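[1] this one's sequence-less:
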């Protein structure tokens, strides 16, 4: 019953919807600093982000394989497709709630927490691959810490170098404003290489659970293409509420700060993509901005906003797990 095509079709629609929402929810990650420093007009920045997210999403598949096979073995779940539907509904619901309130929470935490919650509700803790989950969880926790420290160090390196150059700060900032066009493109590309793959992984999870595919190590091209398109289209819609928070409320950003934060965060996201580990681009870029802001002036960081973001980081995973479990039990009543 759960392997029928209407169920698979529902999974694909929900996964594409998740990627679309992820795109407009996370657009801020890629272009917030560029828009806030006026390096690019918002419309052009969003168009650039949409194109580069699409290209990035088509380029890699390692994270998709991790999501599709390391949290649980879909082939061993009796109601695997229903698990995926419940997880996607929960992740979408949480993303929309946090988007509405302008909170840059993590789509990655929401999806991974939702999958764990739905698997737990369906088959118990014994069907969760805790070692695989721990590996993913460590990546999610470590990456923003590295971004915070990396942003702080890289900003100090730039300050050290440019204090020895007899160039007026206004001229340095003007040059970095041009450089930010490159860093925004790089940031968007790396965002696509990691974030878009989570929906690819969840579709493959459902395909394996429905016995339409043997394992999660192969990502069909049609899955890559529709997820890349959804991510690109979602990005083109833009996430203005979160752009305001990330781009202006954490700390005052000048072009040199924005470019530094982009360089630090994009290099970290790309490193984790190469390792096949999902990260929260929201966490990474927000932490890099905090690190850059702290290097500039510790008191210049709005730690109240930072605290609000960090709290959301910690509650997203367990809340989305509970929501997914509740949705699973509700759906199971009718299936």
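    That came through, no problem. Just so it is clear, the model here is predicted, and its values are computed rather than measured.
[2] let me know the helix or strand that the nearest residue to residue 72 once chain neighbours are set aside is in.
    Counting by Cβ to Cβ, 6 or more residues apart in numbering, residue 119 is the residue found nearest to residue 72 once chain neighbours are left out, at 4.7 Å. Heads up, the C-betas are built off the backbone N, CA and C, glycines and all. Here residue 119 sits within helix 107-123, counting by DSSP states H and E.
[3] helices or strands next to that helix in the packing?
    helix 5-36, helix 62-69, helix 80-100, helix 130-162, helix 196-209, helix 303-334 (3 or more Cβ pairs under 8 Å, 6 or more residues apart in numbering; DSSP states H and E).
[4] so what's residue 29 scoring on pLDDT?
    Residue 29 is assigned 68 on the pLDDT scale.
[5] residue 262 against residue 181, yeah?
    No - under the criterion of Cβ atoms under 8 Å, residue 262 makes no contact with residue 181, lying 10.3 Å away.
[6] any low-confidence regions in the stretch 51-200 of the chain?
    102-104, 165-169 (pLDDT under 70).
[7] got the helices and strands packed on helix 107-123 as CSV, with distance to residue 295 columns?
    Listed next are those as CSV, based on distance: least, Cβ to Cβ, whole Å:
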stretch, distance to residue 295
helix 5-36, 15
helix 62-69, 30
helix 80-100, 28
helix 130-162, 4
helix 196-209, 31
helix 303-334, 15
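[8] and those, which is most packed in?
    Stretch with highest mean neighbour count among these: helix 196-209 (a mean of 29; mean count of other Cβ atoms under 10 Å).
[9] which is the next helix or strand following that helix?
    Next helix or strand after helix 196-209 toward the C-terminus (DSSP H and E): helix 221-237.
[10] what angle do that following helix and helix 196-209 make?
    Counting by axes from the mean of the first three to the mean of the last three Cα atoms, to 10 degrees, helix 221-237 lies at 140 degrees to helix 196-209.
[11] now helix 221-237, how far from the centre of its chain.
    Here helix 221-237 is found 14 Å from its chain centre; the criterion is Cα atoms, centre = their mean, to the nearest Å.
[12] packing partners for that helix?
    helix 5-36, helix 42-59, helix 169-194, helix 196-209.
[13] nearest to residue 111, out of these?
    Evaluated over the helices and strands packed on helix 221-237, closeness to residue 111 peaks at helix 196-209, with 5.4 Å, by Cβ to Cβ.
[14] angle of the closest one against helix 62-69?
    40 degrees.
[15] which one, of the helices and strands packed on helix 107-123, ends up nearest to residue 188?
    Nearest to residue 188 among these is helix 5-36; the distance by Cβ to Cβ comes to 4.1 Å.
[16] quick one: which of residue 262 and residue 181 has more around it?
    A direct count of neighbours by other Cβ atoms under 10 Å for residue 262 and residue 181 places residue 262 higher, at 31 against 16.
[17] model confidence for the more buried one, exactly?
    Residue 262 is assigned a predicted lDDT (pLDDT) of 89.
[18] and residue 281, how many residues sit next to it?
    Residue 281 has 31 nearby residues by other Cβ under 10 Å.
[19] again with residue 267
    As a burial measure, residue 267 scores 18 neighbours (other Cβ under 10 Å).
[20] skip the chain neighbours and tell me the closest residue to it.
    Once flanking residues are discounted, residue 267 sits nearest to residue 150: 7.6 Å by Cβ to Cβ, 6+ apart.
[21] residues contacting the residue nearest to residue 72?
    Taking Cβ atoms under 8 Å, 6 or more residues apart in numbering as the criterion, residue 119 is in contact with 71, 72, 77, 83, 127, 128.
[22] and it, how far is that from residue 83?
    6 Å (Cβ to Cβ, to the nearest Å).
[23] need the overlap of contacts for the two.
    With Cβ under 8 Å, 6+ apart as the test, residue 119 and residue 83 both reach residue 77.
[24] list the buried residues of stretch 266-281.
    By neighbour count on 16 or more other Cβ atoms under 10 Å, the buried set for stretch 266-281 is 266-270, 272-273, 276-281.
[25] between which two of those residues is the distance greatest?
    266 and 276 (17.6 Å).
[26] what about residue 279, which SS state?
    Put simply, residue 279 is coil when judged by DSSP: H, G, I helix; E, B strand; the rest coil.
[27] please settle this for me: is residue 38 part of a strand?
    No - counting by three-state DSSP, residue 38 falls outside a strand, being coil.
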